[in-house]
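Q: Show me the folded form of this:
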Amino acid sequence: MNGIPSSRIHFHNLKTERTDDLRIRVKHLKEEAIHWHSCFEIELMLEGEAVHDLNGERRVLTPGDVYLMRPNDFHAVEVRTPAKVIQLMFSENVINQRTLAQILTAEGSLAAHLTRREAADLQELMGQAMREFDGDLPFRTEYLFHLLECIFIRVMRRCVGHELPLPEEHPLNAALTYLYGHFRENPGMTETAERFGFNASYFSDLFHKTTGKTYKDCLTELRLNYARKLAQCTDLPVAEICFACGFNSHSNFQRAYRQQFGETPKNTRDRQMPG
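A: Numbering: from 1, shown residues only. Here you go, the predicted model:
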């Protein structure tokens, strides 16, 4: 284990006054039904074997497998033999804007099997971050931030394989990235505008001019696309899918879904069933 402690959990501030921005630990995997998180998560398999269902894609996990889950991903775990992982859970507050955009805009599930050397290198980086949590050396926050950046880049390098093109610099970039990561929370336009220092009216006009969509239409599209993925890949009740995507009314959800896709969530699911 290269000296990595396996029984301690640490929460530490990096860039905000909150205490929930970062969590790193070694843990045993357990059986988990389909669920999702409001944060990001990286897990590196150290021991054992499990089956991981990430966004409807099933994959057998063995030592050296790594996966990165975003707030717009969902997953389930089936343990075959006792399995241990290093787990890193983090908020967007510990990621620079460029890397955050790369993670959120990457298509498909972010998972890969590392070579023995790659796995050892990543384990060492995560171990360094874990050990740094215990200390109080000078420049601790800065060192942790850059260690995390190295971890994110190593994982993205293997899971995506190439650097993703980013949009040209634009005043809306940070707000759009935020919306992509938080659409399930149904953030209001005024709330989002204020978060990024915009007047609500100006923000509304700029959003429409930049994207060709209203803020509400863009938010609804993100939520409905997520709902469709859940309908296709899980057996969750439609009512649960509705609320998981940020809708407060089942009838409004059904109507919006039918307008967007020309069918009901049940029709979508039925078309995925064999036979």
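Q: what are the ranges of the strands in the protein?
A: 10-11, 22-28, 32-35, 40-54, 57-61, 65-69, 75-90, 110-113 (DSSP state E).
Q: Roughly how far does the residue nearest the centre of the chain sit from Tyr226?
A: Nearest to the geometric centre of the chain sits Arg70, at 0.6 Å (CA atoms, centre = their mean). Taken as CB to CB, to the nearest Å, the spacing of Arg70 relative to Tyr226 amounts to 11 Å. From N, CA and C alone the C-beta is placed, and that goes for glycine too.
Q: what's near enough to touch Leu222?
A: Each residue near Leu222 by CB atoms under 8 Å, 6 or more residues apart in numbering is listed here: Asn72, Leu179, Tyr180, Phe183.
Q: can you pull the pLDDT of Ile153?
A: The per-residue pLDDT reported for Ile153 equals 91.
Q: before we move on, the earlier item: between the strands of the chain, which one is closest to Ile241.
A: Taking CB to CB as the measure, the strands of the chain were each checked against Ile241, and strand 32-35 came out nearest at 10.6 Å.
Q: which outside residues touch that closest one?
A: Asp53, Phe74, His75, Ala76, Val77, Thr234, Leu236.
Q: Which residues belonging to it are considered buried?
A: Ile34 (16 or more other CB atoms under 10 Å).
Q: In its sheet, which strands sit next to that strand, and in what direction?
A: The sheet places strand 32-35 alongside strand 75-90 (antiparallel), with pairing taken from DSSP bridges.
Q: Now the strand it pairs with: average pLDDT?
A: Averaging pLDDT residue by residue across strand 75-90 gives 95.
Q: Next, the angle from it to strand 57-61.
A: Angle between the axes of strand 75-90 and strand 57-61 is 70 degrees (criterion: axes from the mean of the first three to the mean of the last three CA atoms, to 10 degrees).
Q: before we move on, back to that, closest to Met189 out of the contacts of strand 32-35?
A: Where those are concerned, and distances follow CB to CB, Met189 has its nearest neighbour in Phe74, at 26.0 Å.
Q: Excluding chain neighbours, give the residue nearest to that closest one in space.
A: Excluding its sequence neighbours, the residue lying closest to Phe74 (CB to CB, 6 or more residues apart in numbering) is Trp36, at 4.3 Å.
Q: Against Lys229, how distant is the one you found?
A: When CB to CB is the yardstick, Trp36 and Lys229 sit 11 Å from each other.
Q: what residues are shared contacts of the two?
A: With CB under 8 Å, 6+ apart, Trp36 and Lys229 have common neighbours Phe74.
Q: export stretch 142-157 as CSV, just CAs?
A: Output in CSV follows, covering the C-alpha atoms of stretch 142-157 (Å, rounded to 0.1, in the frame of the first residue of the first chain):
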residue,chain,number,x,y,z
GLU,A,142,-1.1,25.1,-2.7
TYR,A,143,0.7,21.7,-2.7
LEU,A,144,-2.6,19.8,-2.3
PHE,A,145,-4.2,21.8,-5.1
HIS,A,146,-1.5,20.9,-7.6
LEU,A,147,-1.4,17.3,-6.5
LEU,A,148,-5.1,17.1,-7.2
GLU,A,149,-4.6,18.7,-10.6
CYS,A,150,-2.0,16.0,-11.5
ILE,A,151,-4.4,13.3,-10.4
PHE,A,152,-7.2,14.8,-12.5
ILE,A,153,-5.0,15.1,-15.6
ARG,A,154,-3.6,11.5,-15.2
VAL,A,155,-7.1,10.1,-15.0
MET,A,156,-8.4,12.2,-17.9
ARG,A,157,-5.4,11.3,-20.0
